[in-house]
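> Sequence first, then the predicted structure:
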Amino acid sequence: MRLITFEFQGRRSAGALIDDRIIDAAADPQLPTDMLALLAAGKPALERLQRLAARPEAAIPLHQATLLAPVPRPGKFLGVGLNYADHIAETGLATPEFPTIFNKQTTCVIGPGEAIHRPQVSAKLDYEGELAIVIGRRCRHVPLDKAPGVIAGYTIANDVSVRDWQVKSPTWTLGKSFDTHGPIGPWIVTADELEDPHNLELRTWVNDELRQHSNTRHLIFDCYQLVSTLSTVCTLEPGDIIATGTSSGVGVAMKPRGYMKPGDRVRVEIEGIGELCNPVIEEPDTHCY
C-alpha cells in the first residue's frame with residue numbers, strides 16, 4: 001500500500017493511493033487523518049484504510065488533490081553519512097566502522113513538487129538521493145532480527161546539503177537543516193509491499209543529466225542495522241525518518257562542481273517506490289522576527 005498525506009479542497013488528510021485514486025482516511029470516523037497518528041494506530045488501522053477502497057465515497061481523483069510530504073513533521077529526521085563505498089571513495093575519506101549519524105531539523109521537510117531554496121548565504125547547494133526508512137512502532141533496543149517489524153515502510157529522501165555550512169560544524173547539522181532541504185515522498189510504500197529494501201536501483205537526475213546511479217545492496221550499514229543501532233540510543237517513534245545515505249555522484253565531487261542552481265529540477269527515483277521531483281529557486285527575501 002502507498003500511504004500519503006494530501007490536501008483537498010482546503011483540508012489536509014492522510015490516506016492511501018491506489019492507482020489514480022486517493023482513499024481518504026476521513027471517510028471513516030474511526031481512522032486518524034494525521035499520518036503520525038495513523039502509523040501509531042498500527043496494522044488494524046492500515047487494514048481498515050485498505051477496506052475503504054471498496055467504498056466509492058471514500059475515493060478522490062488524484063488530479064484533484066495535492067500530494068504533500070507523507071510525514072509533514074516527523075518527530076526525528078536522522079541522516080546517515082558515508083554509507084556507500086563508492087561515495088566514500090569519491091570523498092577520499094576512510095570507511096567508517098560505525099554508522100555516521102547526524103540530525104536534519106524537521107522544519108526542513110517539504111513534499112513532492114515543492115521548491116528547494118538556494119540559500120542567500122551560500123551557492124554550494126548539493127543533492128543526495130536516498131532511500132529513507134519510516135518507523136511504524138514506538139521501539140527501543142530493537143534486536144537486528146526484529147528490526148523489520150518496526151518499520152512501517154520506505155520513502156524517497158533528498159538529503160539536500162549546503163556544503164560550506166556542513167563543514168562549519170563537525171556534527172554536519174547546520175549544513176543539513178536549512179528550510180526546504182528535506183524533500184521526502186511522494187508516498188510511503190509499506191514494508192510488506194516492498195519486501196526487500198536491499199536490492200533497489202537508485203538514480204538521481206539534475207535536469208536531464210543522470211548524476212547518481214547505484215543500488216541499495218551497496219549500503220555499508222543496511223536498514224535493519226541502522227534501526228537496531230539508533231534504537232539502542234533513543235526511542236524511535238511512528239513517523240520518524242531515517243535517510244540511509246547517498247551513493248557517488250554528488251555535486252561537490254564533480255569537476256567542475258555540480259551544485260544545484262535556481263531553475264534546476266532534481267529528480268530522485270528508487271525502484272519499487274517511485275520518484276521525488278523538486279524545482280530549485282532562490283531563497284525568497286522574507287524575514288520572520
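All right, it came through fine.

> The nearest residue to residue 95 once chain neighbours are set aside and residue 82, how far apart?
Among residues not flanking residue 95 along the chain, residue 88 sits closest, at 5.5 Å (CB to CB, 6 or more residues apart in numbering). The C-beta positions use only the backbone N, C-alpha and C, and glycine is treated the same way. Counting by CB to CB, to the nearest Å, the gap between residue 88 and residue 82 amounts to 5 Å.

> between the two, what contacts are shared?
95, 220 (CB atoms under 8 Å, 6 or more residues apart in numbering).

> Might one say that residue 2 is in contact with residue 14?
No - in this structure residue 2 lies outside contact range of residue 14 using CB atoms under 8 Å: 11.7 Å.

> more crowded one of those two?
residue 14 (27 against 21; other CB atoms under 10 Å).

> Going along the chain, name the helices of the stretch 151-289 of the chain.
Assigned by DSSP state H, counting those that start in this stretch, the stretch 151-289 of the chain shows helices spanning 163-166, 173-176, 191-194, 223-233.

> Adding mean neighbour count, mean pLDDT and distance to residue 207, write those helices out as a markdown table.
Converted to a markdown table, those look like this (neighbours: other CB atoms under 10 Å; pLDDT from 0 to 100; distance: least, CB to CB, whole Å):
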| stretch | mean neighbour count | mean pLDDT | distance to residue 207 |
| --- | --- | --- | --- |
| helix 163-166 | 18 | 98 | 20 |
| helix 173-176 | 20 | 97 | 23 |
| helix 191-194 | 16 | 94 | 28 |
| helix 223-233 | 19 | 98 | 30 |
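
> Show me the one of the ones you listed that comes nearest residue 211.
helix 163-166 (15.0 Å; CB to CB).

> now residue 135: how far from residue 149?
Residue 135 is 11 Å from residue 149, by CB to CB.

> Which one's more surrounded, the two?
Neighbour tally, residue 135 and residue 149, criterion other CB under 10 Å: the higher count belongs to residue 135, 28 against 13.

> Now do the more buried one, the pLDDT please.
According to the predicted model, the pLDDT of residue 135 comes to 98.

> Nice, that's everything, thank you.
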